[in-house]
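Visitor: My questions are about this predicted structure, shown below with the sequence.
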Amino acid sequence: AARPAGAWYQRWDHGPAVATSISIPQREPVLKGQVIRLGDDSGDYVAFDTEMLSLTAAWNGSLAFKGTPWDGAHGGNPAAVGAILFSSAPGPGWAHAGSFADPRVPKWGPLPRDWAKYRGQFRHGDRVVLHYTVGGATVYESPLSETSAGVSAVTRTIEIPATEEELLLRVVHSPGRAVNQAGA
């Protein structure tokens, strides 16, 4: 059988998730990310920052593989290509003691372990499930692209077993920018 055109990293079937640094237009790169393809046909992707435990962007298009591990070139990261549906400013996705202030000095590396900790990801059928803790609470999160009544949306299913802790999630953080919403 004929192989598709392009370099090996463009033809490679990496499945629905790739752990990589990623560049997203109009924001700082995500240094430790999970890029998740939301279904085989939608063309929708999300980037999850495993250090900040934040869904940092969603887009419709593709993922351009570039940078040292992919094409051998220095000075670039894989990049979101296409229509950006939303992007969030860098920062924690979950509050600690009611605050979203970033405690890290310098501003790289994971959040403190007592705040939050990324535990990994796994597959559940065709979906990718992110596993992490916030304080003492275990969190399972699964992004998905869904269409209803002709309207498409990127959704997040979040499961948290019973906890006494108050948890505060930042859904999108886009200072000074409107976020597109479909409403009734």
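Guide: On my side now, so go ahead.
Visitor: hey, let's count contacts and neighbours off CA atoms from now on
Guide: Will do.
Visitor: what is the rounded mean pLDDT of the helix or strand hosting residue 140?
Guide: In the assignment (DSSP states H and E), residue 140 maps to strand 137-148. Strand 137-148 carries an average pLDDT of 94.
Visitor: Let me see the residues that make contact with the helix or strand just after that strand.
Guide: Per DSSP H and E, the first helix or strand lying C-terminal to strand 137-148 is strand 151-159. Strand 151-159 has contacts (C-alpha atoms under 8 Å, 6 or more residues apart in numbering) with 58, 139, 140, 141, 142, 143, 144, 145, 146, 147, 182.
Visitor: could you dump the residues you listed to CSV with neighbour count and distance to residue 29?
Guide: CSV is the format used below for the contacts of strand 151-159 (neighbours: other C-alpha atoms under 10 Å; distance: C-alpha to C-alpha, whole Å):
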residue, neighbour count, distance to residue 29
58, 27, 14
139, 17, 24
140, 16, 24
141, 15, 22
142, 20, 22
143, 23, 20
144, 18, 22
145, 18, 23
146, 15, 26
147, 10, 29
182, 8, 28
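Visitor: With distance to residue 113 added, can I get these in a markdown table?
Guide: Converted to a markdown table, the contacts of strand 151-159 look like this (distance: C-alpha to C-alpha, whole Å):
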| residue | distance to residue 113 |
| --- | --- |
| 58 | 27 |
| 139 | 14 |
| 140 | 17 |
| 141 | 19 |
| 142 | 22 |
| 143 | 24 |
| 144 | 27 |
| 145 | 31 |
| 146 | 33 |
| 147 | 37 |
| 182 | 37 |
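Visitor: Which members of those residues are the farthest-apart pair?
Guide: Within those, two members stand farthest from each other by C-alpha to C-alpha: 139 and 182, at 27.1 Å.
Visitor: Quick check: next helix or strand after the helix or strand hosting residue 18?
Guide: Using DSSP H and E, residue 18 sits within strand 17-22. Going down the chain from strand 17-22, the next helix or strand is strand 30-37, by DSSP H and E.
Visitor: Which secondary structure state is assigned to residue 40?
Guide: coil (DSSP: H, G, I helix; E, B strand; the rest coil).
Visitor: quick revisit: and the angle from the strand holding residue 140 to strand 151-159?
Guide: Using axes from the mean of the first three to the mean of the last three C-alpha atoms, to 10 degrees, the direction of strand 137-148 lies 160 degrees away from that of strand 151-159.
Visitor: which residues are contacting strand 137-148?
Guide: 38-39, 42, 44, 46, 127-133, 152-161, 163, 165.
Visitor: Show the buried residues in the residues you listed.
Guide: Listed as buried from these are 38-39, 44, 46, 127-133, 153-154; burial here means 16 or more other C-alpha atoms under 10 Å.
Visitor: would you list every one of the strands in the chain?
Guide: 17-22, 30-37, 44-49, 54-64, 79-87, 116-124, 127-134, 137-148, 151-159 (DSSP state E).
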